[in-house]
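1. sequence-free structure coming up:
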């Protein structure tokens, strides 16, 4: 059984998404509409063939800093390592005024994820430690699993990097509770990832921004199956480009019927 598990993990890393990717150059119109350059990978598991769609396949295989999308696995590390007890534990704000107003108050796990409060996760990283972080990264095969950094946070300023395909490979394992963490911890992380929901669908997602580029990754759950997505775009206008991450992704998902029209 251990050999089979190792083989399955290796296959997941080599072939991160099931099926043969279908290039979607027509999705370029959605990027052009918002004046953005980037890539998106979508895996639609609502149908039996589980098609993989990709816009700009070369970029979809290129690794970038995960930025705040790393809060998804980082929360699992923190729960497993005892840096946080549960979603109710409160982290007192240190009084330092930061760029985003949502960061400047006490946080719990849910608000830290929603507001992308970096200072909470910096505390987690300090308590977890670099050696254990490296072990966690290798255990789940997250991108290049490199936690080294000369200065700053390894998921923002360091060497950690992940591709759009690898983001989806990770999300699929989380969706199925297949990561090497307690099932209750994986379920909690999925719960705090909820962005929006309707009568028969749930959108779970996380943004990320590394000043030069930005992410939006997650999935939409339907009764017939999930639709996974991972988008990254260049952000030359910095904060002025941030809304484009969701705008482009939503437009593409809506064109597929994977997300309801507004």
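-> Thanks, I have the structure now. Since the structure is predicted, the reported quantities are computational estimates derived from the model, not experimental observations.
2. Okay, now the unreliable bits of the stretch 1-150 of the chain?
-> 1-19 (pLDDT under 70).
3. Apply 50 and report the result again.
-> In the predicted model, the stretch 1-150 of the chain carries pLDDT under 50 at residues 1-18.
4. need the helices for it, in chain order.
-> Ranges of helices in the stretch 1-150 of the chain, per DSSP state H, counting those that start in this stretch, are 2-14, 28-33, 57-60, 71-81, 109-115, 118-128, 130-140.
5. Sort out which residues of the third one are buried, please.
-> What it means is helix 57-60. Using 16 or more other Cβ atoms under 10 Å as the test for burial, helix 57-60 gives 57, 59, 60. All C-beta atoms are positioned from the backbone trio N, CA, C, and that covers glycine.
6. Equivalent analysis for the fifth one, please.
-> For helix 109-115, a neighbour-count test (16+ other Cβ under 10 Å) marks 109, 111, 112, 113, 114, 115 as buried.
7. How many residues are close by the residue nearest to the third one when sequence neighbours are not counted?
-> When the adjacent residues along the chain are set aside, residue 112 lies closest to residue 120, with 4.1 Å between them (Cβ to Cβ, 6 or more residues apart in numbering). For residue 120, the count of nearby residues is 25 (other Cβ atoms under 10 Å).
8. and what of residue 33?
-> Counted with other Cβ under 10 Å, residues neighbouring residue 33 total 12.
9. For it, give me its contacts.
-> Contacts for residue 33 were tallied using Cβ atoms under 8 Å, 6 or more residues apart in numbering; they are 248, 251.
10. From residue 248, how far out is it?
-> Using Cβ to Cβ, to the nearest Å, residue 33 is found at 8 Å from residue 248.
11. tell me the centre residue of this protein?
-> The centroid of the chain falls nearest to residue 69 when counting by Cα atoms, centre = their mean (3.9 Å).
12. surely it meets residue 208?
-> Yes: between residue 69 and residue 208 there is a contact at 3.8 Å, judged by Cβ atoms under 8 Å.
13. Common neighbours of these two, please.
-> Contact criterion Cβ under 8 Å, 6+ apart; residues shared by residue 69 and residue 208: 215, 217.
14. can you map out the strands along this structure?
-> Here the chain has its strands, by DSSP state E, at 21-23, 38-44, 52-55, 194-197, 202-209, 213-222, 225-234.
15. For residue 176, which of those strands is the nearest?
-> Residue 176 lies closest to strand 225-234 among the strands of the chain, at 9.4 Å (Cβ to Cβ).
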